[in-house]
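Novice: have a look; sequence and predicted model below, questions after that.
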Amino acid sequence: MEDYVFQVKHLVSEHQTGLTVFIIGAGLFALRRWMAGGVCRSKARLDGKTVLITGANTGIGKETAVDLARRGARVILACRDMGRANQAADEIRKRSGNGNVVVKQLDLASLQSVRALAVDVEANEERLDILINNAGIMMCPKWQTVDGFEMQFGVNHLGHFLLTNSLLDLLKKSSPSRVVNVSSLAHRDGKIHFDDIHLDKNYEPLKSYCQSKLANILFSRELARRLSGTGVTVYSLHPGVIRTELTRHMSETLPLWKLMMYTPLMLLWPFIKSCVEGAQTTIYCAVDESLQNTSGLYYSDCAPKQPELQACDDAAAKKLWDISTSMVGLA
């Protein structure tokens with residue numbers, strides 16, 4: 001009798017263990033699927049169209065390039081490191097089966113480099129259908145660009161501001177065309193410090209990053225307003241939390257106690273978006289047919305989302321535009 005009771009208890013224990021493992025496994029699968037976010041379902045072809053992507057040699061920029069090349073586009077990788085860019089171009093050609101992938105030099109920390117690329121594209125490209133301002137730098141030390149701008153504001157906002165404005169004639173000529181600006185959920189903690197735009201009085205890496213990502217959305221909003229009726233539409237987006245190289249400066253700028261606060265989040269690392277998953281909203285904004293008559297909105301997980309209140313401030317958007325115009329020499 002005792003042996004029978006023992007066997008029953010053993011079977012119940014095994015059943016409970018199996019059920020527990022199943023529940024945990026199902027929970028982890030659901031978490032991973034939720035973290036993966038939305039997927040671009042559009043089958044739109046881009047044959048005969050030209051796309052320029054900044055920072056396309058790595059991360060979500062490279063995966064965006066692979067997808068758009070598969071759709072038949074001529075893809076221009078605008079990158080600072082030409083060695084890595086050429087390696088990425090080879091990979092993109094192989095993965096996409098599209099040999100029409102070219103590399104052009106661009107250092108967003110140099111206005112001269114931005115202008116040189118714009119001149120090159122205007123002179124050698126017959127059209128530009130999609131401009132994707134993807135490149136960025138995150139939470140670096142207080143560095144300066146070649147022109148003396150705070151690095152994150154200079155690269156993430158001003159470089160793309162000048163590039164976009166310099167290519168507007170070609171974008172208008174190629175209309176309907178699109179400008180896609182990769183921002184971040186970090187904009188919710190952002191503020192444009194108009195009285196200290198370079199944060200010389202109180203520089204904090206995260207504070208600067210949030211300001212630059214808010215600037216991306218305000219720029220998109222004002223650009224959309226100015227381009228109304230031209231056939232050029234504008235989109236900004238949050239790609240999600242992604243496993244990329246973007247966080248490489250965090251260990252240099254965060255004090256130890258703050259890094260320790262992020263340690264529990266590292267347990268979620270296997271569930272964070274891959275670069276392919278992180279590129280989906282960028283691709284969606286670049287190609288989805290349903291957006292062709294929509295401009296100036298903010299997206300996340302392949303759907304429109306309401307940004308924070310400060311990102312909807314039209315007066316701040318215009319003020320930022322005017323200041324940026326003066327800073328990059330377009331005034």
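Specialist: Everything's here; your move.

Novice: same for the helix or strand I132 falls within, what does it pack against?
Specialist: Using DSSP states H and E, the element containing I132 is strand 130-133. Helices and strands touching strand 130-133, by 3 or more CB pairs under 8 Å, 6 or more residues apart in numbering; DSSP states H and E, are strand 50-54, helix 59-70, helix 160-166, strand 177-182, helix 280-287. (C-beta placed from N, C-alpha, C; glycine too.)

Novice: swap in 6 Å and give it another go.
Specialist: Contacts defined by 3 or more CB pairs under 6 Å, 6 or more residues apart in numbering; DSSP states H and E place strand 130-133 against strand 50-54, strand 177-182.

Novice: nearest to L108, out of those strands?
Specialist: Smallest distance to L108 across these (CB to CB): 6.7 Å, for strand 50-54.

Novice: what about the closest one, average pLDDT?
Specialist: Taken as a whole, strand 50-54 carries a mean pLDDT of 98.

Novice: ranges for the strands of the stretch 201-331 of the chain?
Specialist: 232-238, 297-300, 303-305 (DSSP state E, counting those that start in this stretch).

Novice: strands paired with the second one, and their directions?
Specialist: Within its sheet, strand 297-300 is paired with strand 232-238 (parallel), strand 303-305 (antiparallel), according to DSSP bridges.

Novice: how about residues contacting the shortest one?
Specialist: Think strand 303-305. With contacts defined as CB atoms under 6 Å, 6 or more residues apart in numbering, strand 303-305 is touched by L297, Y298.

Novice: ok, stretch 202-217 next?
Specialist: With CB under 6 Å, 6+ apart as the criterion, stretch 202-217 contacts 138-139, 142, 152-153, 156-157, 181, 183-184, 186-187, 189-190, 199, 236, 253, 298, 307, 311.

Novice: residue ranges with poor pLDDT in the chain?
Specialist: Filtered on pLDDT under 70, the chain yields the residue ranges 1-36, 242-271.

Novice: middle-most residue in it, spatially?
Specialist: The centroid of the chain falls nearest to V182 when counting by CA atoms, centre = their mean (3.4 Å).

Novice: mind listing what it touches?
Specialist: Contact analysis of V182 by CB under 6 Å, 6+ apart lists N134.

Novice: what do you get if the cut-off is 10 Å, keeping everything else the same?
Specialist: V182 is in contact with 53-55, 60-61, 64, 132-136, 156, 160, 213, 216, 235-239, 278-279, 281-282, 285, counting by CB atoms under 10 Å, 6 or more residues apart in numbering.

Novice: with V146 instead?
Specialist: For V146, the contact set (CB under 10 Å, 6+ apart) comprises D107, A109, S110, L111, Q112, S113, G154.

Novice: burial of the last one, as a residue count?
Specialist: Burial measure for G154: 26 neighbouring residues, criterion other CB atoms under 10 Å.
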